[in-house]
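# Turn this into a structure:
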Amino acid sequence: MSLFKKIFSKEKKETLDKGLEKSNTSFFNKLSKAVAGKSTVDDEVLDDLEDVLIASDVGVDTTLKIIKRIEARVAKDKYFGTDELNKILREEIAALLALTNVGNETDFNIPEDRRPYVIMVVGVNGVGKTTTIGKLAAQFKKKGLKVVLGAADTFRAAAIDQLQVWADRVDVPIVKQSMGSDPASVAYDTIQSGVSQNADVVIIDTAGRLHNKVNLMNELSKIKRVMQKVTPDVPDEVLLVLDGSTGQNAFEQAKQFTKATEVTSLAITKLDGTAKGGVVIGISDQFQIPVKYIGVGEKIDDLQVFNKIEFVDSFFK
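Sure, this is the predicted structure:
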């Protein structure tokens, strides 16, 4: 029986369980080997648990936090068996995630007082950025919201074409220019279009080149400044998309982008094809930025709003 109250629909929960199946299986295979033949949680078990968490891409710093929390439980309770370790782990990781991920969102919501609500999406090429934008547009449209897309990744013709495919598929308007155009100009036109069409949500794609952090910082700053000529205080959200299957490389990308711009939320994709689901825990903790969405499959509905309780329940199922 679950330790957590179910708040997802049965279908969404089954998708999440399936999406995290590889991570779950890998983690518990390692954990079972670590505690084999042990009856109590002692220093040796904690050392082995530390290795398991690090091997599951939770990250060194976050792993040490978790171990410290469990050590405190051991010292307080004096004795608990390895059969209780799963329960303790779930509770401590859920508590850790709660520090960054406030609330238990289950739906795609935007603030009522911001129209259009502007999301600037950042991330390197290949992480599923364009797909995430398309799926977000589909979810917002399903809720009856009017969405406008902006193809400001003008560095690659393929990026513009891919976003056009999603705009056609979801049946939402897209603002674009030719390859090599000024990204800030596209963003400006997109905001203007969103305002004139009384759009609820504007989602703007941006280029994801990390070869020169200064150039990236300057480009993203310019896009913001130019957008604000139309509407002050935008973007309302800077969403960083990370590929969960890259494990520790996702940490490095998060480090680079948080230095280049003020990232306010995270989307972690491709969790269904990897055993590296622990990266969600580590990145959320290390960067103190809420994980807003996770990708657990290829279908449009497989982009889910991140819910820390349901995530931990599925990860430790």
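
# can we go C-alpha only for contacts and neighbour counts from here?
Fine.

# residues near residue 110, how many?
The tally of other residues near residue 110 (other C-alpha atoms under 10 Å) stands at 16.

# I meant to write residue 43 there.
For residue 43, using other C-alpha under 10 Å, the count is 11.

# Please name the residues that touch it.
Counting by C-alpha atoms under 8 Å, 6 or more residues apart in numbering, residue 43 makes contact with nothing.

# any idea how far it lies from residue 84?
Separation of residue 43 from residue 84 (C-alpha to C-alpha, to the nearest Å) stands at 16 Å.

# how's this protein carved up into domains?
Using automatic domain parsing, the domain ranges for the chain come out as 10-98, 117-307.

# among those, which is nearest residue 313?
Evaluated with C-alpha to C-alpha, the domains of the chain place domain 10-98 nearest to residue 313, the distance being 7.5 Å.

# how long is that closest one from one end to the other?
23 Å.

# where do the strands sit along the chain?
117-122, 147-152, 174-175, 201-206, 237-243, 265-269, 291-295, 303-305 (DSSP state E).

# For those strands, give me CSV that also has distance to residue 193.
Shown next, in CSV, are those (distance: least, C-alpha to C-alpha, whole Å):
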stretch, distance to residue 193
strand 117-122, 12
strand 147-152, 8
strand 174-175, 8
strand 201-206, 9
strand 237-243, 18
strand 265-269, 24
strand 291-295, 26
strand 303-305, 26
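
# Would you mind finding the most buried of these?
strand 147-152 (a mean of 28; mean count of other C-alpha atoms under 10 Å).

# Helices of the stretch 101-250 of the chain, residue ranges please.
Residue ranges of the helices in the stretch 101-250 of the chain, as given by DSSP state H, counting those that start in this stretch, are 129-142, 157-170, 183-196, 213-227, 248-260.

# quick one on the thing from earlier: and the strands of the chain: which comes nearest residue 101?
Closest among the strands of the chain, using C-alpha to C-alpha: strand 291-295, at 6.7 Å.

# which outside residues touch stretch 257-266?
Residues contacting stretch 257-266 (C-alpha under 8 Å, 6+ apart): 122-123, 213-214, 216-217, 220-221, 237-242, 289-293.

# now do the same end-to-end measure for it.
End to end - C-alpha to C-alpha - stretch 257-266 spans 11 Å.

# Show me what counts as buried in that stretch.
257, 258, 260, 261, 263, 264, 265, 266 (16 or more other C-alpha atoms under 10 Å).

# next one: that stretch to chain centre, how far?
Relative to the centre of its chain, stretch 257-266 is centred 12 Å away, using C-alpha atoms, centre = their mean, to the nearest Å.

# just stretch 131-144 next, same as before
On C-alpha atoms, centre = their mean, the centre of stretch 131-144 falls 16 Å from that of its chain.

# Same question for stretch 176-196.
26 Å.

# Enumerate every residue touching the most centrally placed residue in the chain.
For the chain, the residue nearest the mean C-alpha position is residue 267 (2.4 Å; C-alpha atoms, centre = their mean). Counting by C-alpha under 8 Å, 6+ apart, residue 267 touches 239, 240, 241, 242, 291, 292, 293, 294, 295.

# go on, residue 281?
58, 62, 93, 97.

# from what I can see the second one touches residue 286, true?
What that stands for is residue 62. Yes: Residue 62 is within contact range of residue 286, at 6.8 Å (criterion: C-alpha atoms under 8 Å).

# Per-residue confidence at residue 148, what does it come out as?
Looking at residue 148, its pLDDT is 98.

# Also residue 34?
Predicted confidence (pLDDT) for residue 34: 72.

# I'd say it and residue 47 touch.
No: Residue 34 lies out of contact with residue 47 (C-alpha under 8 Å); the separation is 9.1 Å.

# Neighbour count: the two, which is higher?
Comparing residue 34 with residue 47 by neighbour count (other C-alpha under 10 Å), the higher total belongs to residue 34, at 19 against 12.

# Alright, I will stop here.
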